[in-house]
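A.B. asks: What shape does this take:
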Amino acid sequence: MAWVILFIAGLFEIGWAIGLKYTEGFTRLWPTVWTGVSLALSMGLLGIALRDLPLGTAYAVWTGIGAVGTAALGIYLFNEPATVARILCISLIVCGILGLKLVSSSA
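C.D. replies: Numbering: from 1, shown residues only. Here you go, the predicted structure:
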């Protein structure tokens, strides 16, 4: 269950990271509210997952989910470049996340 909670925390991390773009420097109310709520949920769920998962593994997976999701949505939503090198680097992050999950002895 801790891995599911950690995954959901990672999704909320993507939400607040993308939300930052939509706040336009915290000048737009509702994107700012959503960003704050997402941030709080992400951190709260990470804290819950840390009850059962090792800190280093959980934090790396959490940030990895956020990095991959944010990069992918940046390409999709904001027309950021989808170069071969960029896709390869994102794939390496995914491999790292999966590797950490596979070698983790907890949960």
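A.B. asks: Of all the residues in stretch 16-23, which ones are buried?
C.D. replies: The neighbour-count check on stretch 16-23 (16 or more other Cβ atoms under 10 Å) flags 16-20, 23 as buried. The C-beta positions use only the backbone N, C-alpha and C, and glycine is treated the same way.
A.B. asks: In helices, which of these appear?
C.D. replies: Assigned to helices by DSSP state H, the following of those qualify: 16-20, 23.
A.B. asks: Count the residues that sit near residue 37.
C.D. replies: Taking other Cβ atoms under 10 Å as the criterion, the count of residues near residue 37 is 14.
A.B. asks: In three-state terms, label it for me.
C.D. replies: Per DSSP: H, G, I helix; E, B strand; the rest coil, the local secondary structure of residue 37 is helix.
A.B. asks: I'd say residue 82 and residue 72 touch.
C.D. replies: No - applying Cβ atoms under 8 Å, one finds residue 82 not in contact with residue 72, separated by 9.1 Å.
A.B. asks: how close does the residue nearest the centre of the chain sit to residue 90?
C.D. replies: Among the residues of the chain, residue 66 comes closest to the average C-alpha position under Cα atoms, centre = their mean, at 1.7 Å. Going from residue 66 to residue 90 by Cβ to Cβ, to the nearest Å gives 12 Å.
A.B. asks: Where do the helices of this protein begin and end?
C.D. replies: Here the chain has its helices, by DSSP H, at 2-23, 29-49, 55-78, 84-103.
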